[in-house]
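K.L.:
Take this sequence and fold it.
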Amino acid sequence: MKPRLVQVITLFPEMFTGVFGASMLWKAQDRELVKLTTMDLRQFGLGPRKQVDDTPYGGGDGMLLKPEPLFAAVEAAKQNDPDAQVLLMTARGDRWVQAEAQAMADDPRGLIIICGRYEGYDERITAVVDKQISIGDYVLTGGEIAAMTVVDSVTRLIPGVLGGETSAEIESFSDGETLEFPQYTRPAEFRGMKVPEVLLNGNHGEIAKWRAQQQKKAT
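P.N.:
Now for the predicted structure:
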């Protein structure tokens, strides 16, 4: 089976070098479960200066990403993966939640992720976008950090990326509602702080009951 292809369209591809080359994202690529790439939007800019932005019609501060480079970049990405979903990172998008990450992890299609910059983008780009996504009610300088969040949260849910088969199932929000219960490891006592006795007695029924209580309390 071919790796899942994720293509990120950005003006700052260098921002992704460390993120894509470390931890679980590196392991996912090393295991050939995903292929993470960036596409420099500037390469699709217009004229000798590779222009990608312009002033907004109707006035206002800031610059908007032009439609021509954005369309050209998406079309080039589609040549690599015709069936890929196109995502646009934008503050007005749908709130990114764990259930959406799981749905995309389960979907075999690749992803093309557009990172906004400056004051925004020409609205016409939404004609080729499948989903608009926001990671929270705040404003970032650009869509790169939001794109990293989406890529990480989806990739780690792809079967084979995490070590244990149930690693993703017991995490916070894995059921769409609750937070993860507290967890402990050796030593049983550290600087006067003890591991709850229930976790040491080997009674799995009691442990499950305690964990459920702790999840409810944390949530």
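K.L.:
make it CA atoms for all contacts and neighbour counts henceforth
P.N.:
Will do.
K.L.:
How is this protein divided into domains?
P.N.:
4-155, 189-218 (automatic domain parsing).
K.L.:
Most tightly packed of the ones you listed?
P.N.:
domain 4-155 (a mean of 17; mean count of other CA atoms under 10 Å).
K.L.:
looking only at pLDDT, what's the mean for it?
P.N.:
In this model, domain 4-155 carries a mean pLDDT of 96.
K.L.:
how far does it sit from the chain's center?
P.N.:
10 Å (CA atoms, centre = their mean, to the nearest Å).
K.L.:
Same list, the domains of the chain, but as a markdown table with distance to residue 182 please.
P.N.:
As requested, the domains of the chain are exported to a markdown table (distance: least, CA to CA, whole Å):
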| stretch | distance to residue 182 |
| --- | --- |
| domain 4-155 | 19 |
| domain 189-218 | 7 |
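K.L.:
Going by residue numbers, what spans are strands in the chain?
P.N.:
4-10, 34-40, 53-54, 64-65, 85-95, 111-115, 120-121, 131-134, 189-190, 193-194 (DSSP state E).
K.L.:
Mind listing the strands the third one pairs with, and their directions?
P.N.:
Sheet pairing of strand 53-54 (DSSP bridges) gives strand 64-65 (antiparallel).
K.L.:
do you know how far residue 113 is from residue 188?
P.N.:
Distance, residue 113 to residue 188, by CA to CA, to the nearest Å: 45 Å.
K.L.:
wait, I meant residue 103
P.N.:
Distance from residue 103 to residue 188, by CA to CA: 38 Å.
K.L.:
again, but for residue 41
P.N.:
For residue 41, the distance to residue 188 - CA to CA - is 53 Å.
K.L.:
Not counting sequence-adjacent ones, nearest residue to residue 46?
P.N.:
Spatial nearest neighbour of residue 46, chain neighbours left out: residue 52 (6.7 Å); criterion: CA to CA, 6 or more residues apart in numbering.
K.L.:
ditto for residue 53
P.N.:
residue 65 (4.3 Å).
K.L.:
Bridged to that neighbour, which residues?
P.N.:
Under the criterion used (DSSP bridges), residue 65 bridges to residue 53, residue 121.
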